[in-house]
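Peer 1: what shape does this take:
(2 chains)
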There are 2 protein chains.
Amino acid sequence: MPRYQATLLIELKDGILDPQGRAVEGVLRDLGQEVESVRVGKVLEVVFPAEDLQRAEEKAQAIGRLLANPVMEVYTLEALREL
Amino acid sequence: MPRYQATLLIELKDGILDPQGRAVEGVLRDLGQEVESVRVGKVLEVVFPAEDLQRAEEKAQAIGRLLANPVMEVYTLEALREL
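Peer 2: You can find the predicted model right below:
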């Protein structure tokens, strides 16, 4: 069966306070970078088997739904490629 | 000055053990998903001012270099757009 690699982004919804992002903002400013805001999320590279590209996209979306907390987070299927 | 938003991925290098990814793998299998491997990294959405797109790309690359640990991590400028 073909193997696919999905890149999934899991990020906090707008309006949800992001202390880790605030900390990174402070670090970058201390290092002389002019930044307006930083938001930190997770990226997952998931490798899995699937019959074809359409079925692979369905599986990747299902994995995103399972891993993101719908109250605070949104997920995005950023990329999907056959290996 | 124009404002830009960069999406930076910071991921563990191949070969570096990723216990968080292993844990997510186990969770997905317990939930009935057939997965081969999962790697977990960070995604940063950084908003900053820059004169133009070329200068914005240079700034985004500089921020990636500052935030990634060169021993264990690689960074990728995944997207860059003017706001």
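Peer 1: for the longest helix seen in chain A, packing partners?
Peer 2: Criterion DSSP state H: the longest helix present in chain A is helix A:53-67. In terms of contacts (3 or more Cβ pairs under 8 Å, 6 or more residues apart in numbering or on different chains; DSSP states H and E), helix A:53-67 is packed against strand A:3-12, strand A:37-49, strand A:73-82, helix B:19-30. Using the backbone N, CA and C atoms, a C-beta is placed for each residue, glycine as well.
Peer 1: give the buried residues for the longest one.
Peer 2: When you say that, I think you mean strand A:37-49. A:38-46, A:48 (16 or more other Cβ atoms under 10 Å in any protein chain shown).
Peer 1: repeat that for stretch A:72-83.
Peer 2: Buried, per 16+ other Cβ under 10 Å, within stretch A:72-83: A:73-76, A:78, A:80.
Peer 1: just the pLDDT for residue A:62.
Peer 2: Residue A:62 is assigned 97 on the pLDDT scale.
Peer 1: burial measure for the nearest residue to residue A:33 once chain neighbours are set aside, as a count.
Peer 2: Nearest residue to residue A:33 in three dimensions, chain neighbours excluded: residue B:63, at 6.0 Å (Cβ to Cβ, 6 or more residues apart in numbering or on different chains). Residue B:63 is flanked by 23 other residues according to other Cβ atoms under 10 Å in any protein chain shown.
Peer 1: confirm for me that residue B:63 is in contact with residue B:5.
Peer 2: No - with contact defined as Cβ atoms under 8 Å, residue B:63 does not count as touching residue B:5 (11.9 Å).
Peer 1: mutual contacts of these two, please.
Peer 2: Any residue near both residue B:63 and residue B:5 by Cβ atoms under 8 Å, 6 or more residues apart in numbering or on different chains counts here, and that gives residue B:46.
Peer 1: how far out from the middle of the chain is stretch A:50-64?
Peer 2: Put simply, stretch A:50-64 sits 16 Å off its chain's centre (Cα atoms, centre = their mean, to the nearest Å).
Peer 1: list the contacts of it.
Peer 2: Residues from elsewhere that reach stretch A:50-64, judged by Cβ under 8 Å, 6+ apart: A:1-4, A:6, A:8, A:10, A:44, A:46, A:48, A:75-77, A:80, A:82, B:28, B:33, B:35.
Peer 1: go through that stretch and flag the buried ones.
Peer 2: Buried, per 16+ other Cβ under 10 Å, within stretch A:50-64: A:50, A:56, A:59-60, A:63-64.
Peer 1: show me what the residue most central in space within chain A is bridged to.
Peer 2: Residue closest to the average C-alpha location in chain A (Cα atoms, centre = their mean): residue A:9, at 1.0 Å. Beta-bridge partners for residue A:9, by DSSP bridges, are residue A:43, residue A:76.
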